[in-house]
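Student: Kindly return the folded structure for what I paste below:
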Amino acid sequence: MSIWDRIGDFITRVSASATSGVADLVEAVRTVFSGDAELRRRVAFSVAMIALSAKMAKADGVVTQEEIRAFREIFEVPREETHHVARLYDLAKKDTAGFEAYAEKMAQLCGSGHQNCDMLENILDGLFHIATADGVLHEREARFLHTVATVFKIDEVHYQSILARHVHLGRDDPYAILGIERGRPFEDVKKHYRKLVAENHPDRAIGRGLPQEFIKIATARVAAINAAYEMIERDLAPA
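Tutor: Have a look, this model is predicted:
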């Protein structure tokens, strides 16, 4: 049985017994997948991404074909199993609970409880990838994402770094991506860059047994970090 079949079966259970929306959704993930930590982590990530994507679409009022394609770049869902994703998406979109409540529950489900949790940053990164797929971060999407980041306990420096990976911020863009202030010595920038690459490298995600979706996000993140460092290096590196 594929992960999407499992999610479909899980959604059927939730739909049949749900009384309090997102609370049932989160509790069901914990209960149904309690015996397999790796599967639970992957399902939790998938549920959080799908549910919060639905809430973001509701806040923005529109879903573009580019955003659908961006979602499929993260998740490889077989055509015959896309209805499972659609069911969860519709369940979240129709739920009367606000997106803040969803973000809080997803933080409890997926997060470590600490500031700048890796998994929650991955979810936010994925949401940014979807939101900016049409080439624009709309005002309502920006407000949504910033609020979700606050609920996720992602600090402003980290948030600006994620934002800069997806939205051009002008002259300070490469520094924002690296999360380091302009004017620091080049050796400091290099040291910080190497630390970021080590922390975010896809091989680290593979070594921890994280699912393919995490590895795709890590790969895109490191590519943005490398590009930002190369821009700074051209300006600051000694001849």
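Student: Would you pull up how far the helix or strand where Ile68 lies lies from the middle of the chain?
Tutor: Here Ile68, judged by DSSP states H and E, is contained in helix 65-74. Chain-centre distance of helix 65-74: 13 Å, with Cα atoms, centre = their mean, to the nearest Å.
Student: how much space between the nearest residue to Lys153 once chain neighbours are set aside and Val157?
Tutor: Of all residues not flanking Lys153 in the chain, Gln115 sits nearest, at 4.8 Å (Cβ to Cβ, 6 or more residues apart in numbering). The C-beta positions use only the backbone N, C-alpha and C, and glycine is treated the same way. Relative to Val157, Gln115 is positioned 11 Å away (criterion: Cβ to Cβ, to the nearest Å).
Student: swap in Glu67?
Tutor: Glu67 sits 27 Å away from Val157, taking Cβ to Cβ as the criterion.
Student: Which secondary structure state does the residue nearest to Lys153 sit in?
Tutor: Following DSSP: H, G, I helix; E, B strand; the rest coil, Gln115 is assigned to coil.
Student: What score does it have for pLDDT?
Tutor: The per-residue pLDDT reported for Gln115 equals 90.
Student: Identify the residues contacting it.
Tutor: Residues near Gln115 by Cβ atoms under 8 Å, 6 or more residues apart in numbering: Lys153, Ile154, Asp155.
Student: average model confidence for the helix or strand just after the helix holding Ile68?
Tutor: Where DSSP H and E defines the elements, the next helix or strand beyond helix 65-74 is helix 82-94. Confidence over helix 82-94 (mean pLDDT, whole number) is 81.
Student: okay, the angle between helix 82-94 and helix 65-74?
Tutor: Using axes from the mean of the first three to the mean of the last three Cα atoms, to 10 degrees, the inter-axis angle of helix 82-94 relative to helix 65-74 is 120 degrees.
Student: Could I get the CA-only coordinates of helix 82-94 as PDB?
Tutor: Output of helix 82-94 as PDB, limited to C-alpha atoms (Å, rounded to 0.1, in the frame of the first residue of the first chain):
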ATOM      1  CA  THR A  82      -4.500  12.200  -6.800                       C
ATOM      2  CA  HIS A  83      -8.100  11.900  -5.500                       C
ATOM      3  CA  HIS A  84      -6.700  11.200  -2.100                       C
ATOM      4  CA  VAL A  85      -4.900  14.600  -2.100                       C
ATOM      5  CA  ALA A  86      -8.000  16.300  -3.400                       C
ATOM      6  CA  ARG A  87     -10.100  14.900  -0.600                       C
ATOM      7  CA  LEU A  88      -7.700  16.100   2.100                       C
ATOM      8  CA  TYR A  89      -7.400  19.500   0.300                       C
ATOM      9  CA  ASP A  90     -11.200  19.900   0.200                       C
ATOM     10  CA  LEU A  91     -11.600  18.800   3.800                       C
ATOM     11  CA  ALA A  92      -9.200  21.500   5.000                       C
ATOM     12  CA  LYS A  93     -10.500  24.100   2.700                       C
ATOM     13  CA  LYS A  94     -14.100  23.600   3.800                       C
END
